[in-house]
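Undergrad: 3D, please:
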Amino acid sequence: MNFIDGSILYWREFVNVKTIINRGMYVYQYMTASKNIIFRYDNTRHHKKLNLPNFPHHKHDGSEDNIISSNAPSLIEVLQEIENLA
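TA: Below you'll find the predicted structure:
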């Protein structure tokens, strides 16, 4: 998804809705037009050593190395965050 300022949101979700909604995997990566990371939410299990309270949910805030705990956002919440950055 490209925005008017040239920034980009890449997103991917795998959702199972047979009996309950279960998002098995998600990634929301927001980048500048020059492909610098602004933020990325994901639930990839690669940061277990950080002992984040909401593991595996986390956010890369401003860089790949700045990893903070987060809840699993919805697409609407991600779009609202992008709007608030403008």
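Undergrad: only C-alpha atoms for contact and neighbour calcs from this point on.
TA: Will do.
Undergrad: Just the buried positions in stretch 8-28, please.
TA: Applying a neighbour-count criterion of 16 or more other C-alpha atoms under 10 Å, the buried positions in stretch 8-28 are Ile8, Leu9, Trp11, Tyr26, Val27, Tyr28.
Undergrad: Pull the most distant pair out of those.
TA: Of all pairs drawn from those, the greatest distance, 16.6 Å, lies between Ile8 and Tyr26 (C-alpha to C-alpha).
Undergrad: Out of the buried residues of stretch 8-28, list just those in strands.
TA: Secondary structure assignment (DSSP state E) places Ile8, Leu9, Trp11, Tyr26, Val27, Tyr28 from the buried residues of stretch 8-28 within strands.
Undergrad: The nearest residue to the second one once chain neighbours are set aside: how many residues sit nearby?
TA: Computed as C-alpha to C-alpha, 6 or more residues apart in numbering, the closest residue to Leu9 that is not its neighbour in sequence is Tyr30, at 4.4 Å. Close neighbours of Tyr30, defined as other C-alpha atoms under 10 Å, add up to 24.
Undergrad: Same check on the one 5 residues further on?
TA: Residues within reach of Lys35, counting by other C-alpha under 10 Å, total 11.
Undergrad: Distance check, it against Asn66.
TA: Relative to Asn66, Lys35 is positioned 17 Å away (C-alpha to C-alpha, to the nearest Å).
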